[in-house]
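**Student:** Provided below are the primary sequence and the corresponding predicted coordinates.
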Amino acid sequence: MRLYVLGILIVLSSTVFAQKNYILDKVVAQVGSEVILWSDIEEYYAYQKANYGKMPEDARCMILDDLMMKSLLVSEAKQDSMVMVADVEVEDNLNRRIDEILFMMNGDVEFFREYYGKTVNEVKNDMRDDLRDQLLSDRMQGMIMRDIKITPAEVKAFFNNIPKDSLPYFQSEVEISEIVIYPKVNEDEKKKSIEKLERIIERYEAGEDFGLLAKTYSDDPGSARQNGDLGWQKRGSFVQEFEEAAYKLDILEVSPIVESDFGFHVIQMLDRRGNNFKTRHILIKPEITSRDIDEARQKMNDIKEEIESGSISFEAAVSKYSDEKAQSKTNAGRVVNPKTSNTFFEIADLDYEVFFVVDSMKVGQVSNPVEFVNEDDGETFFKIFKLDSRTLPHTANMRQDFSKIKAAAIEEKKARFLNQWVKEKSESTYVEIDDYFMDCAIISKWLDNKRFAQEVRP
């Protein structure tokens, strides 16, 4: 958790981290009106080392180059009336990132204060300027590159310029689609859960402590350990049924029984501050019986038969049957590889359960239902897969890999364009760099037309 939280803060601001670690600081570079501190470099270095291990010898040089490029973008953006970042945009982004940190801390603002040595508002004040600069930098870079396009001829030229012995070798890749079904709770089990929760409510109304009842009986293990406390959360953090019921409550009032996809809740409002609120709840989850599981499995078999008979396409079956919780539903069933954000999976990237299903399938084939168990809550669910495409291991070529080569070509073109823009702008921009970095080869482009590089005064 600490590494995740630190990562968010480093992206936003070096100020908090520097103050926490007492870094002796000085200015090491200036680009236009923007200055870069030694602590800026050290914090990025520490963060990258924690994430990636051994660092290259010139890592600090590369970090300074990145920071100087960002500073040039910010400096130019501040002079360009077309590039603006509204205060409300800064605050929205700032609040969202603070909310991410608080979410990892279960909404505990006191723990936040203890961990960072500052209140939420004090941390926001420290981060605000850095976040504004980041947004300006991103917007300026987007404006510079907004008209960059690439033609098929350029893609071909890019590919032909790659030495034949340097062409990448692609392992076998597959594209898969899925339909996901969760067993439905039967009415008898729903009735049992409601009756159990009604008895718990009666005990609360008779004077027993809500928190102790939550700790003893709630089926939400995370909040049960905290006496049902869900911490401070922003509106939109919970499912609609839960939030609609919670927002109708006065402080310390307890809701009627609320049904959601998670089960049946009774909610108590503890406090409210604007759009933030703090609740606790008791959750009773109806039991999924073996009969419910068998019915879900049979439904999957029926869906497969319907597809194979030609009465419905796989894509239409996704829309009609796949569970709303499945992320693939919004992508016509196509499964996205989280490593690459595209739909191609190397065999090694597939979960082993999926690998053993897909490995023996032919393109276009639909699998039998496969049973899965959610590691987080032990919930059983089913999937059927369709193998959309398969490539054999091969050296990169234009016929099979055009989309990948095109993506690499346009990124290379953007990099060349940005480097040229930096070179041109740096000629007319005040640039000074500390002598410590004068031996960095990557920094030389900033001083090709400037011979006044001196140590920047602390």
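**Tutor:** Everything's here; your move.
**Student:** out of everything not next to it in sequence, what's closest to Leu67?
**Tutor:** Ile36 (5.0 Å; CB to CB, 6 or more residues apart in numbering). All C-beta spots, glycine's among them, are computed from the backbone N, C-alpha and C.
**Student:** Please spell out which residues along the helix or strand hosting that neighbour are buried.
**Tutor:** Using DSSP states H and E, Ile36 sits within strand 34-37. Buried residues in strand 34-37, counted by 16 or more other CB atoms under 10 Å: 34, 36-37.
**Student:** Domain ranges for this protein, per the record?
**Tutor:** Under the assignment automatic domain parsing, the domains of the chain span 2-145+435-446, 147-169+395-427, 172-184+289-392, 187-284.
**Student:** Show the average pLDDT along the first one.
**Tutor:** Confidence over domain 2-145+435-446, taken as the mean pLDDT, stands at 80.
**Student:** where's it relative to the chain centroid, distance-wise?
**Tutor:** Taking CA atoms, centre = their mean, to the nearest Å, the mean C-alpha location of domain 2-145+435-446 is offset from the chain mean by 18 Å.
**Student:** Please apply the same query to the last one.
**Tutor:** Relative to its chain's centre, domain 187-284 lies at 28 Å (CA atoms, centre = their mean).
**Student:** Start and end of it, how far apart?
**Tutor:** Distance across domain 187-284, first residue to last, is 15 Å (CA to CA, to the nearest Å).
**Student:** coming back round to it: send me the strand holding Ile36 as CSV with only the CA atoms.
**Tutor:** Output of strand 34-37 as CSV, limited to C-alpha atoms (Å, rounded to 0.1, in the frame of the first residue of the first chain):
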residue,chain,number,x,y,z
GLU,A,34,10.9,26.8,-14.7
VAL,A,35,13.5,25.5,-12.2
ILE,A,36,14.4,21.9,-11.5
LEU,A,37,15.6,20.9,-8.0
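**Student:** and whichever helix or strand comes after it, what other elements does it pack with?
**Tutor:** The helix or strand immediately downstream of strand 34-37 is helix 38-52, counting by DSSP H and E. When contacts are defined as 3 or more CB pairs under 8 Å, 6 or more residues apart in numbering; DSSP states H and E, helix 38-52 sits against helix 2-12, helix 15-21, strand 27-31, helix 59-79.
**Student:** coming back round to it: could the buried residues of strand 34-37 be laid out in CSV, adding distance to Lys425?
**Tutor:** Shown next, in CSV, are these (distance: CB to CB, whole Å):
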residue, distance to Lys425
Glu34, 13
Ile36, 16
Leu37, 22
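**Student:** surely Lys190 meets Lys285?
**Tutor:** No: contact between Lys190 and Lys285 fails when scored by CB atoms under 8 Å: they sit 10.5 Å apart.
**Student:** and for these two, which residues touch both?
**Tutor:** Jointly contacting Lys190 and Lys285 under the rule CB atoms under 8 Å, 6 or more residues apart in numbering are Phe264.
**Student:** Mind listing what's buried along stretch 199-219?
**Tutor:** By neighbour count on 16+ other CB under 10 Å, the buried set for stretch 199-219 is 200-201, 204, 210-211, 213-215, 217-219.
**Student:** mind exporting it as PDB, just the C-alpha atoms?
**Tutor:** Output in PDB follows, covering the C-alpha atoms of stretch 199-219 (Å, rounded to 0.1, in the frame of the first residue of the first chain):
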ATOM      1  CA  ARG A 199     -33.400 -10.700  13.500                       C
ATOM      2  CA  ILE A 200     -30.100  -8.700  13.600                       C
ATOM      3  CA  ILE A 201     -32.100  -5.500  13.200                       C
ATOM      4  CA  GLU A 202     -34.400  -6.500  16.000                       C
ATOM      5  CA  ARG A 203     -31.400  -7.000  18.300                       C
ATOM      6  CA  TYR A 204     -30.100  -3.600  17.400                       C
ATOM      7  CA  GLU A 205     -33.400  -2.000  18.100                       C
ATOM      8  CA  ALA A 206     -33.500  -3.800  21.400                       C
ATOM      9  CA  GLY A 207     -30.300  -2.000  22.400                       C
ATOM     10  CA  GLU A 208     -27.300  -4.000  21.100                       C
ATOM     11  CA  ASP A 209     -24.400  -2.200  19.500                       C
ATOM     12  CA  PHE A 210     -24.500  -1.900  15.700                       C
ATOM     13  CA  GLY A 211     -20.700  -2.200  15.400                       C
ATOM     14  CA  LEU A 212     -20.500  -5.400  17.500                       C
ATOM     15  CA  LEU A 213     -23.400  -7.000  15.500                       C
ATOM     16  CA  ALA A 214     -21.500  -6.100  12.300                       C
ATOM     17  CA  LYS A 215     -18.300  -7.600  13.600                       C
ATOM     18  CA  THR A 216     -20.100 -10.800  14.600                       C
ATOM     19  CA  TYR A 217     -22.500 -11.400  11.700                       C
ATOM     20  CA  SER A 218     -21.600  -9.300   8.600                       C
ATOM     21  CA  ASP A 219     -20.500 -11.200   5.500                       C
END
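**Student:** Could I get the average pLDDT for that stretch?
**Tutor:** Averaging pLDDT along stretch 199-219 gives 95.
**Student:** Show me the shaky parts of the stretch 251-400 of the chain.
**Tutor:** Within the stretch 251-400 of the chain, the stretches with pLDDT under 70 are 376-377.
**Student:** now the strands for it?
**Tutor:** In the stretch 251-400 of the chain, the strands defined using DSSP state E, counting those that start in this stretch lie at 258-260, 263-273, 276-284, 345-346, 370-373, 380-391, 394-395.
**Student:** any chance of the buried residues of stretch 199-219 in a markdown table, plus distance to Glu173?
**Tutor:** Formatted as a markdown table, these follow (distance: CB to CB, whole Å):
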| residue | distance to Glu173 |
| --- | --- |
| Ile200 | 52 |
| Ile201 | 54 |
| Tyr204 | 56 |
| Phe210 | 53 |
| Gly211 | 52 |
| Leu213 | 52 |
| Ala214 | 48 |
| Lys215 | 49 |
| Tyr217 | 49 |
| Ser218 | 44 |
| Asp219 | 41 |
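**Student:** Quick check: the residue nearest the centre of the chain vs Lys329, distance?
**Tutor:** For the chain, the residue nearest the mean C-alpha position is Pro338 (9.9 Å; CA atoms, centre = their mean). Distance, Pro338 to Lys329, using CB to CB, to the nearest Å: 16 Å.
**Student:** Tell me if I'm right that Lys320 and Ser313 touch.
**Tutor:** No: the criterion here is CB under 8 Å, and Lys320 misses it with Ser313 at 10.1 Å.
**Student:** Can you name the element that comes right after the longest helix anywhere in the chain?
**Tutor:** Of all segments of type helix in the chain, defined using DSSP state H, the longest is helix 398-427. Using DSSP H and E, the helix or strand that follows helix 398-427 in sequence is strand 431-433.
**Student:** Tell me the strands beside that next one, with direction?
**Tutor:** Sheet pairing for strand 431-433, assigned by DSSP bridges, gives strand 27-31 (antiparallel).
**Student:** contact partners of the strand it pairs with?
**Tutor:** Strand 27-31 has contacts (CB under 8 Å, 6+ apart) with 35-38, 41, 64, 67-68, 71-72, 75, 426, 429-434, 436-437, 446, 456-458.
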